[in-house]
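A.B. asks: Could you look at this predicted model? Sequence included:
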Amino acid sequence: MEEVKCSPKCKICNAVLVSGYYECNLTRHLKQLHSPVLKQLVQTLTVSLYDHFEVDLKSYKASCILCYQKLNVFRIQDIEVHLQDIA
């Protein structure tokens, strides 16, 4: 899947990411500047995943307990599709 380039604005600090919308840029911004908020967000998001995934809070990856596929916890749509595929 090809990512579209734009200039997103961080909802936490209002910084505009002039380097464009690439997942690695967003993740790096969150990790470097908002680590405590990011960890709290991931913990909140992953509570509902624990029945089907083992979540690594350091890498922000969710590993399916049935097939061991690793998914990014921020890509909720990918996780939903994966759950539908294995059901």
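C.D. replies: Yes, it's here. From a predicted model like this one, the values you see are computed outputs, not experimental measurements.
A.B. asks: How confident is the prediction for the most centrally placed residue in the chain, by pLDDT?
C.D. replies: Nearest to the mean C-alpha position of the chain, by CA atoms, centre = their mean, lies Phe74 at 1.9 Å. What the model reports as pLDDT for Phe74 is 79.
A.B. asks: Surely it touches Thr27?
C.D. replies: Yes: look at Phe74 against Thr27 with CB atoms under 8 Å: they come within range, at 7.5 Å. For every residue, glycine as well, the C-beta is placed using N, CA and C.
A.B. asks: thinking again about what came up before, Three-state assignment for the residue nearest to the centre of the chain, please.
C.D. replies: Look at Phe74: counting by DSSP: H, G, I helix; E, B strand; the rest coil, its state is coil.
A.B. asks: how close does it sit to Tyr60?
C.D. replies: 7 Å (CB to CB, to the nearest Å).
A.B. asks: overlap in contacts of those two?
C.D. replies: Listed as contacting both Phe74 and Tyr60 by CB atoms under 8 Å, 6 or more residues apart in numbering are Thr27.
A.B. asks: Spit out the residues that contact Phe74 and Thr27 alike.
C.D. replies: Common neighbours of Phe74 and Thr27 (CB under 8 Å, 6+ apart) are Tyr60.
A.B. asks: I'd like to know how many residues surround Val73.
C.D. replies: If you count neighbours by other CB atoms under 10 Å, Val73 ends up with 21.
A.B. asks: how close does it sit to Ser7?
C.D. replies: 24 Å.
A.B. asks: can you check Leu17 too?
C.D. replies: Distance of Leu17 to Ser7, given as CB to CB: 6 Å.
A.B. asks: the more surrounded of those two?
C.D. replies: Leu17 (16 against 10).
A.B. asks: give the contact list for the more buried one.
C.D. replies: Ser7, Pro8, Lys9, Cys10, Asn25, Leu26, His29.
A.B. asks: Let me know the distance separating it from Pro8.
C.D. replies: Taken as CB to CB, the span from Leu17 to Pro8 is 5 Å.
A.B. asks: same check, this time on Asp78
C.D. replies: Distance, Asp78 to Pro8, using CB to CB: 19 Å.
A.B. asks: returning to that earlier point: which neighbours do Leu17 and Pro8 have in common?
C.D. replies: By CB under 8 Å, 6+ apart, the residues touching both Leu17 and Pro8 are Leu26.
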